[in-house]
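**Student:** Provided below are the primary sequence and the corresponding predicted coordinates.
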Amino acid sequence: MNTQAKLIQQLGLVCMVAAILAGIVGGLWELAHPILSTAQTFASSSPAQRWGYALFSVIRSAGFLAGLFGLYKMGTNRGWIVTIFMALATLGGVFFAAVWLYMAVIAKVKIIYVLGGLWYQWIAPVALGIAALRARRISAWISIWAIVVGILNSQIFMLLGVVGALLVQGVIWLILGYMVYAMGRRAEQV
């Protein structure tokens with residue numbers, strides 16, 4: 001069994017689990033008990049709910065980065081430019097999660113967390129998708145979907161509100177995670 005193919009499968013699975021938990025379950029939780037509608041609702045929410053959202057943010061960062069890393073490993077030539085984008089995405093994911101943990105502690109929204117999400121949820125999928133298209137190591141559909149994920153992530157929170165955006169985010173990253181998983185399965189069979 002090819003260990004790289006197995007790793008890619010595992011990275012895809014981690015991305016799918018994160019998409020389901022942080023996106024879909026998180027969106028349903030926000031629908032049932034909203035805390036992200038205003039700074040006041042966040043501040044007045046229970047510590048358990050704030051810590052739950054912080055945990056979802058850590059899961060989102062780790063899981064989405066896992067999917068991106070699988071795409072990076074299998075789909076790109078791993079040149080220095082795309083490696084810089086992947087490193088910035090990783091730093092963005094860590095920053096995003098750290099700010100959410102800090103927000104859980106202080107019970108205040110700090111919108112600066114968006115700067116971390118910008119790198120691993122918007123820019124990196126587009127950069128990796130373009131790099132994968134150029135490398136031609138994987139199906140063009142996977143590369144194009146990664147670009148679509150980045151573009152959609154940049155728009156959904158403004159267009160759909162928090163609940164709708166979390167649900168859509170969960171679905172689009174679930175699809176990307178499955179594509180990464182399937183890419184690993186195909187490589188294992190070759």
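**Tutor:** Received the coordinates, thanks.
**Student:** Over to residue 33: give its phi and psi.
**Tutor:** Main-chain dihedrals, residue 33, degrees, to the nearest 10: phi -140, psi 80.
**Student:** Need the pLDDT of the closest residue to it other than its chain neighbours.
**Tutor:** In this structure, residue 33 finds its nearest non-sequential neighbour in residue 49, 6.4 Å apart by C-beta to C-beta, 6 or more residues apart in numbering. Bear in mind the C-beta positions are built from the backbone N, C-alpha and C, glycine included. Note on residue 49: pLDDT of 93.
**Student:** what about residue 49, which helix or strand?
**Tutor:** helix 47-75 (DSSP states H and E).
**Student:** Tell me how many other residues crowd the residue nearest to residue 33.
**Tutor:** Applying other C-beta atoms under 10 Å, we find 16 residues neighbouring residue 49.
**Student:** Repeat that for residue 124.
**Tutor:** 29.
**Student:** residues in contact with the nearest residue to it once chain neighbours are set aside?
**Tutor:** Leaving aside its sequence neighbours, residue 124 sits nearest to residue 89 (C-beta to C-beta, 6+ apart; 3.5 Å). By C-beta atoms under 8 Å, 6 or more residues apart in numbering, residue 89 lies in contact with 65, 68, 119-120, 123-124.
**Student:** Could you identify the most distant pair in those residues?
**Tutor:** 65 and 123 (12.9 Å; C-beta to C-beta).
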